[in-house]
Every structure is written in structure tokens, then in C-alpha cells.
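Asks: Just the structure for this:
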Amino acid sequence: MCKKLICLFSIVLVLSLAGRGWSGVSNPNPPDGALLDDTWANLSWQPGAKAASFDVYLGDNLDDVKNGTGGTFRGKQTLPYFVVGFPGYPYPDGLVPGTTYYWRVDELQTDGTTVHKGGVWSFGVPAKTARAPKPADGAQFIDPTNLTLTWTPGFRAKLHTVYFGDDFDVVSNAAGGIPQGVASYKPSEVKSEKVYYWRVDEFDSAATYKGNIWAFTTPGAVGNPQPANAAADVQTTAKLSWTPATNAASHQVYLGTDKEAVRTATTASPEYKGSKAIGDTILDPGKLAWHSTYYWRVDAVYSTGTVKGLVWSFTTADFLAVDDFESYNDVDPPNPASNRIFDKWIDGFATPTTNGALVGNNLPPYAERTVIHGGVQSMPYSYDNNLKTSEATMTLVYPRDWTESDVNTLTLWFRGNKNNAAERMYIALNGSAVVYNDNPKASQISIWTGWNTNLKAFADQGVNLKSVNTVTIGFGTKNSPAASGSGKVHFDDIRLATAAVPVGKILLLDEDFEGVVLGTSVEESAGTKDVWTDTPPPGWKVDESGVPGVGNRATDGVTEWAGWAFANKDWWASVAGDQRRTEFTLGQGTVAIADPDEWDDSDHPAGYNVAIDSYDTWLSTSPIDISGCTAGTVQLEFSSSWRPEYDNDYHQTATITASFNGSEPVEVLRWESDSASRNYKADNSTNETITVNVDNPAWATSVVLTFGLFDAGNDWWWAVDNIKVTGLPK
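Replies: Presented below is the predicted three-dimensional model:
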């Protein structure tokens, strides 16, 4: 056995003795998604506390590994490591460069019956060809001044041969270049208003591997394609446009569904779509095919010759866009370019006594540019149903024929807020045919959620689907105003398709701590009302038993911060002297706080020594029902303010663990304050949105998440807010 195998085996055996107290494997090595620098690997993992044996699955097909098919089962074993790429092991001839491998480890518990199915991890071996060019392939308007080309060498490449020029075929067919030992190249002459091609061949001491052809343009060349290069979901009625070459006399346009045919096309080819004079930079290709990939090219024509343009691509959609809210702008009338969202979606602004809807923002940007489902804009919609209903109506220009391409489903995406009044939400066509959302509290769903409606529901109410004139989004019961509430919902991506789309994630938990009743401060600015409590939301638990002196206000440090607490964020920042706490702008109102820095500002037990008696506290959610979620899809999202400190005494550490069905907790996040740690979380993390994959196993029906801050002393803090748990439905 080779020395490095013996060494790695020893490391794994030592690590296996330090198993953590949870069920199921974790901490894959190599890390999930890693690229290896060798053709063999020693795969290892952290076993659960009650592991008896492991079933290992490995292969280059994700679905086979996930399902345990296709010969991916590699056997049962008791040790937490697995060798690949050596004779006598899987892939005896070595792992193949340019291949991604997937692996999974199921854990059998000591009771002999319980199996914890593992998640699928991956690793890869780089290809032998060059990759990651800079400038990137297809880059536009690259400054030719002092340009240096770089790339990531192929696997085990020793020498590199570069070919560069302004003719694709010449670069593609070139041979006999001079190899070099560095992965960079400085062209001798690069001009403006040109398209350049380059290729890197790699040599690994045994063979030469021809590289791909990469291309870029310099300033003044044809560019800025619309649709953007590689754009998806382009409508079949789209027009193509571009920025002309600076000094060209005209432009020639090519379009087709075969990339190579478009690249090599001439004016005699069927892909040729005509010449465009200066000032004309738009091509109307007519109706494009449904859900198809197109390639196109714009050449610049000069008196001295023609410069071939880059080949761009786009893919047409498999739906008709009723409104994606991307076209609206902030230009006010009388400017003819004005296209404000509330001028197209007519709300209750002019009729406030009967219509409580208001669309858009009062000041630019009129459309929403932060809370979006797709693209860069959505529609903010405020409703007020006090003795009225709320409606916003758009008159259609296209599409009006809702039978085109056999569409049968209307999909609308919306996102509400838990603090909204619960109101019925409806869609109406042609002012009369109404369909209500099945969830009477849809306005309170605070994640993007798809709403599918079969068009037959409108046709059954007399709507001629070949002639749809208006679409209305409403809240309340149409034509039946009543005393009710208000709120704000965002809408995006209204589409027609041939089938219902997945509605998105299920919202399993939504906690912003605004329901926590705050009381009077005890020691921090003592006597201030409505600012602090250590009582968590119903069903949640705070464990402060690891805080030195807890239970005795004379020696528990600053009482408010003796463990996780809930406080008005602005008050907390003020009484603590700020120290960057105000940077937590994602946190609003009441937030959950573990603040060992403020806690340390008052008396501790006699003989207290932070080096041996640290500040440890945990905040746990109530059990969250995940029974309706597909395995591996549960996610945690929260707003976070983390400021660490580390020296000989202070080792501030944070974890989030998940306990499924009451089992031993699994660590799903770890932050450490030691900059040498692979889990280091830096001091610039005071205002972030964090997303964590909880990786729920198939057998789990509930989960408790625990936020822990420990090994702390006079450190800084961790504050969290806006906790959401979601999962994809089964």
C-alpha cells in the first residue's frame, strides 16, 4: 500500500473516534463540489453517533446514485472511508479527467433496522483541456491596451501552445505553434473594432489536447445583443437588436437554429436575413418557434471588407408572457417614452372610495426592484378593503388569443406578508369571470408562490378565450365590499402555458419576532419600557444554562444579555454604544440577540475565568412540520448580524443544528472566529441574508432548529431576524 494511503487511512481512523452526537453521515471529504488534483481519492465522512455500518454508492450519473441503480452500489463497510481510482477498487484505471462523480453514504444504526439515507455529494477531476479563459468567451469591448490572455491549465498540463487571430478558421486550423510554460499570453497587436479568436492547446508530457475556440470583441465592434447572449424564455414575438460597429457602412444579419450553419453562413445561405443600413439596428424575424434555441450573428461591413460578428444565442419560452413587469420605466408624461406601471395597471387612485388598490411606488422606481421573482422588476400592490374591494386592471394588447400554442393554464406568482390582513385574492377576465385563490389567507404567504388556474374555469363563465381584453387582480369578494383589512402583495411573471407549473416552496415557518411581547429592561438602561424580554415565541426554547452566573442577577453579567434574548433592535444598538450594531438594517423591530460583549460589562461569579467557563447559549424553534416536503429540499433563510472576536481567551463560535423527529442533532452550519479555521466567518458580516440547506432525510416528518452561540467571553454578538423555513412539496 502506498504511503499516502496509509497516512490518509490513519487520519480518517482518528477522526472517526471524535464522532459527533447525531444520526446520519456528514462532513464529506473531499468537500461537496470539490475538484481533485489527482486520479484517485480517499473518500471519507463523519459518522453519526450510533453508526454500525455504511452502504456506499458511487458513479458518474446523478440519478443512478440518488436511486441506488446502475451498478452504483459499491458495498457495505464499517469504516468511514472509501478508496477509488486504484487497482482493486472502483475505477481501477484511475478517475477520468473531465468527469464529475457523485457519491452517497447510507448509515445503518446499531439497532440493526434504522437506516439514514445520505444526501448526494459530488467531486470532479478537471479536464485535460484549458478552461476558464480571461477574457471570457464571448466577452465584449475588451480594452486592447496591454491586453494579456490567461486561462486555467488543463489537468497536469506542462506546456501550452497559444493561437490568436481575427479569423476563426485560421485559429481553428492552426498547428505547429511554439509551446510555453506559463498560462498567459500577450498578443503583439490588438486593434479596436475587431473580433478576435484564440485557442490554447495543452501538453501533459504524453499527448497534446486541442483547446476550444474562444472569442472576444474590442471597443467599436458590433455588440450589446438583445435578447442578451444565452438569454432564456424569450418570447416568440421578440425583435432582435444590437449596437452597430462604430465605422461600419452597413450590417448583415444571420439567424438560424444550427450554430455551425450560422457561423459559416454567407449572403447566399438561408440563414442570411438581409442587410441593415446605418441607423437600422432592429431585425423582426417574424413569429419564432415555441421553446427553441436560435443562433444569430451581425457582421460589420466596411469598404475594405467585412468583419464577422460573434455568434450569439437565445432560447424561446415555452409560455406566453401576459406581463413580466420588465418593460415599465420611471419616465413621466408628457415624454412619449413614458411607460409607468400604474398607467397600465389601472387601480383605485382615481376612485378611492370604491377601490382600495394602489399599484406601484409613489416615487421612482415606480416598479419594485428588490422583491422580485424573475428579471429585475415586480409589481407592488397595496390593498385596503375597508368597506370596498381592491382591483387593478390591465387592458391587453398581446396576447389576446389565449388558445395560441394550445396554452391551457394561467400562472401568476405572488408574495405577501404575514402581517397582511387575510383577504381573498382573485383574478378576473373581461371584467366579470372570476376565479378565487383556494387559500383564503394567500395574502399572508411571505414567499414567492405560484398560482395556477385552468383556463377552462374562465371559459365555463362565458369568456371567449380567443378574445381576452382585460386581466384584473383583486382582493376581497368581487362586487361585495365589506369591512376588512389592508396589506401589500407583490406580483410577477403572469404567464400562459400548456401545463401547470410547480407552485414553488412550501412556507413551513415564518418568524420575525414581532409577536413577542417586550417588557421593561432590568439592568441595561434599567426601567425602559417595551424594549426587552427573554421569553421566546410560543413553542420556542431558550437554553441559557451555559451562561456563567445565570439565575443570580448579582453575578449573571448584564441580565438582559445572559443568553439569547429578544429586544428592540434600535434600543439594543443605542444602549450598547452601537459599535456597528446599527449596520444590521435587515433586522427590523424586534430581533433575537446573543451578545456576550454587552453581557460581560457587569459582575460574574467569583473566580470566573472565560478561558475555562465560556458564555454558551442556545435558541431552539418549536417542532416544524416537514412531512409534506421532498427529501433534501428543506431550507432555512434568515437575516443575520455576526461580529466575531478571537484571541487566547475568546473563541466565539456559532452553529445551527437540526434535530429530525427528536433524534440527535445534525450540524448544518458552523461559524468560527479563528481566521485559520475552514469555518471562519469574518468581521464584515453584520448585515446578511443567510440560506442554509437543512438536508431533511426522507423519513423525517418534523425538525427542530437550534441556533447556538458558545465558547464566547467578552466577544461581540450574533443577532438574527426574519427566520423562514421552506421546502419543496412531495
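Asks: and residue 659, what helix or strand is that in?
Replies: Secondary structure from DSSP states H and E places residue 659 in strand 653-660.
Asks: Any idea what residue 685 is bridged to?
Replies: Under the criterion DSSP bridges, residue 685 forms beta bridges with residue 642.
Asks: can you pull the contacts of it?
Replies: Residue 685 sits next to 640, 641, 642, 643 when contact means Cβ atoms under 8 Å, 6 or more residues apart in numbering. From N, CA and C alone the C-beta is placed, and that goes for glycine too.
Asks: Go ahead and produce PDB holding the CA coordinates of the next helix or strand after the strand holding residue 659.
Replies: Following the chain from strand 653-660 toward its C-terminal end, the next helix or strand by DSSP H and E is strand 666-672. The C-alpha trace of strand 666-672 is given here as PDB (Å, rounded to 0.1, in the frame of the first residue of the first chain):
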ATOM      1  CA  VAL A 666     -27.200  17.300  12.900                       C
ATOM      2  CA  GLU A 667     -25.000  20.300  12.400                       C
ATOM      3  CA  VAL A 668     -26.000  22.300   9.300                       C
ATOM      4  CA  LEU A 669     -24.000  25.400   9.800                       C
ATOM      5  CA  ARG A 670     -20.800  26.300  11.800                       C
ATOM      6  CA  TRP A 671     -19.100  29.700  12.100                       C
ATOM      7  CA  GLU A 672     -15.900  30.200  14.000                       C
END
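Asks: just how off-centre is strand 666-672 within its chain?
Replies: Here strand 666-672 shows a centroid-to-chain-centroid distance of 20 Å under the convention Cα atoms, centre = their mean, to the nearest Å.
Asks: ok, the contacts of residue 685 vs residue 582, which is closest?
Replies: Within those, the smallest distance to residue 582 is 9.8 Å, found for residue 641 (Cβ to Cβ).
Asks: And for that closest one, nearest residue in space, chain neighbours not counted?
Replies: Counting by Cβ to Cβ, 6 or more residues apart in numbering, residue 641 lies nearest to residue 584, which is 3.7 Å off, once chain neighbours are set aside.
Asks: Quickly note the distance from that neighbour to residue 621.
Replies: Residue 584 sits at a distance of 21 Å from residue 621 (criterion: Cβ to Cβ, to the nearest Å).
Asks: When the two are compared, which one has more neighbours?
Replies: Neighbour totals were compared for residue 584 and residue 621, and residue 584 leads with 25 against 22 (other Cβ atoms under 10 Å).
Asks: Settle this for me: the more buried one is touching residue 569, isn't it.
Replies: Yes. When contacts are counted by Cβ atoms under 8 Å, residue 584 is listed as touching residue 569 (6.5 Å).
Asks: can you list residues touching both of those two?
Replies: Taking Cβ under 8 Å, 6+ apart as the criterion, residue 584 and residue 569 both touch 591, 719, 721.
Asks: tally of neighbours for the last one?
Replies: Around residue 721 there are 23 other residues, counting by other Cβ under 10 Å.
Asks: Return the residues in contact with it.
Replies: By Cβ under 8 Å, 6+ apart, the residues touching residue 721 are 512, 513, 569, 584, 586, 587, 588, 590, 591, 592, 638, 639.
Asks: The same query, at a cut-off of 6 Å, please.
Replies: Contact criterion Cβ atoms under 6 Å, 6 or more residues apart in numbering gives 587, 591, 639 as the residues in contact with residue 721.
Asks: I'd like to know which of those residues are buried.
Replies: Among these, the ones that count as buried by 16 or more other Cβ atoms under 10 Å are 587, 591, 639.
Asks: Present those as JSON lines; the columns should include secondary structure, pLDDT and distance to residue 505.
Replies: Compiled in JSON lines, these are given as follows (DSSP: H, G, I helix; E, B strand; the rest coil; pLDDT from 0 to 100; distance: Cβ to Cβ, whole Å):
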{"residue": "587", "secondary structure": "coil", "pLDDT": "98", "distance to residue 505": "23"}
{"residue": "591", "secondary structure": "strand", "pLDDT": "98", "distance to residue 505": "24"}
{"residue": "639", "secondary structure": "strand", "pLDDT": "98", "distance to residue 505": "18"}
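Asks: just these now: which is nearest residue 649?
Replies: Within the set of these, residue 591 lies nearest residue 649; the separation is 27.0 Å, counting by Cβ to Cβ.
Asks: tell me the pLDDT at the nearest residue to residue 183 once chain neighbours are set aside?
Replies: When the adjacent residues along the chain are set aside, residue 183 lies closest to residue 153, with 5.0 Å between them (Cβ to Cβ, 6+ apart). According to the prediction, residue 153 has pLDDT 98.
Asks: Residue 663 now?
Replies: Model confidence at residue 663, given as pLDDT, is 88.
Asks: could the buried ones among the contacts of residue 721 be laid out in JSON lines, adding distance to residue 345?
Replies: Shown next, in JSON lines, are the buried ones among the contacts of residue 721 (distance: Cβ to Cβ, whole Å):
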{"residue": "587", "distance to residue 345": "32"}
{"residue": "591", "distance to residue 345": "35"}
{"residue": "639", "distance to residue 345": "31"}
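Asks: now, among those, which is nearest to residue 728?
Replies: Minimum distance to residue 728 across the buried ones among the contacts of residue 721 is 22.6 Å, recorded for residue 639 (Cβ to Cβ).
Asks: hang on, the closest one packs against residue 588?
Replies: No. Taking Cβ atoms under 6 Å as the contact criterion, residue 639 and residue 588 are not neighbours in contact, 8.6 Å apart.
Asks: For residue 652, see how far away the residue nearest to residue 641 is.
Replies: Relative to residue 652, residue 584 is positioned 17 Å away (Cβ to Cβ).
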